[in-house]
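Asker: here is a sequence together with a model predicted from it:
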Amino acid sequence: MKFFSWLPAAIAAAVLPACDGINLKELKPGVATVADVRQRMGPPSAEFRNDDGTLTYEYNRQPNGVDCFMLTFGLDQILQRSEQVLNESQFARISAGLSRDQVRRLLGKPGQVNVYRNSGEEVWDWRFAGGLPTEEWHFHVHFDQESGLVKRSSRRLEQRG
């Protein structure tokens, strides 16, 4: 019986990323609307109002997945762009002095948050795709607990199987 209790979660974890790929290919920038995206992808995990009036939806697959999609809509509610933000160019934008909100906006919600009282750090962790199926990569952002600002970033590779 215990086998069947975790089986649906395992199937969902395996199938959802594939569904994202199919759904995102069918949601064309310049054509798809907010309603189309919500119908295919469901409700976003977060919504961000941008300074120019546009709206960005976050579709985050953390902690078990390796993707976080940001879909941006124009004032006309038409999809302008879709991007997977857990990548090297976004990681390069993380620098000392950014706030938690700024990091969340760039990378989405982290898969894990750990507090290290001795070092005075709060460390956010995102899983991201590696080159091999046996690689599990993690990107970390280290925040100073007092100021709440980024101190540094790091990454870690875990070998699997």
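Answerer: Great, that's in hand.

Asker: from here on, just use CA atoms for contacts and neighbour counts.
Answerer: OK.

Asker: could you point out the helix or strand that follows the worst-scoring helix or strand of the chain on mean pLDDT?
Answerer: When the helices and strands of the chain are scored by mean pLDDT, DSSP states H and E, helix 2-26 comes last with a mean of 52. Next along the chain after helix 2-26, taking DSSP states H and E as the criterion, comes helix 34-41.

Asker: what's the helix or strand following that next one packed up against?
Answerer: Next in sequence after helix 34-41, counting helices and strands by DSSP H and E, comes strand 46-49. Using 3 or more CA pairs under 8 Å, 6 or more residues apart in numbering; DSSP states H and E, the elements in contact with strand 46-49 are strand 55-60.

Asker: hmm, try it at 10 Å
Answerer: strand 55-60, strand 68-73, helix 100-107 (3 or more CA pairs under 10 Å, 6 or more residues apart in numbering; DSSP states H and E).

Asker: buried residues in that strand, which are they?
Answerer: By neighbour count on 16 or more other CA atoms under 10 Å, the buried set for strand 46-49 is residue 47.

Asker: ok, residues contacting that strand?
Answerer: Identification of contacts with strand 46-49 by CA atoms under 10 Å, 6 or more residues apart in numbering yields 54-60, 70-73, 104-105, 108-109.

Asker: 6 Å instead, please
Answerer: Contacts with strand 46-49, where a contact means CA atoms under 6 Å, 6 or more residues apart in numbering, come from 55-58.

Asker: still on that earlier bit, looking at the helices and strands packed on strand 46-49, which is nearest to residue 80?
Answerer: strand 68-73 (5.2 Å; CA to CA).

Asker: packing partners of that closest one?
Answerer: Helices and strands touching strand 68-73, by 3 or more CA pairs under 6 Å, 6 or more residues apart in numbering; DSSP states H and E, are strand 55-60, strand 79-84.

Asker: centre of the chain to the first one, how far?
Answerer: Strand 55-60 has its C-alpha centroid displaced from the chain centroid by 9 Å (CA atoms, centre = their mean, to the nearest Å).

Asker: ok, residues contacting it?
Answerer: Contacts for strand 55-60 (CA under 6 Å, 6+ apart): 44-49, 68-73.

Asker: return the member of these nearest to residue 84.
Answerer: Using CA to CA, these come closest to residue 84 at residue 69, 4.4 Å.

Asker: quick check: that closest one touching residue 86?
Answerer: No. With contact defined as CA atoms under 6 Å, residue 69 and residue 86 do not form a contacting pair (8.3 Å).

Asker: before we move on, the earlier item: rebuild the helices and strands packed on strand 46-49 as a markdown table, extending it with mean pLDDT and distance to residue 124.
Answerer: Output for those, formatted as a markdown table (pLDDT from 0 to 100; distance: least, CA to CA, whole Å):
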| stretch | mean pLDDT | distance to residue 124 |
| --- | --- | --- |
| strand 55-60 | 97 | 15 |
| strand 68-73 | 97 | 15 |
| helix 100-107 | 97 | 9 |
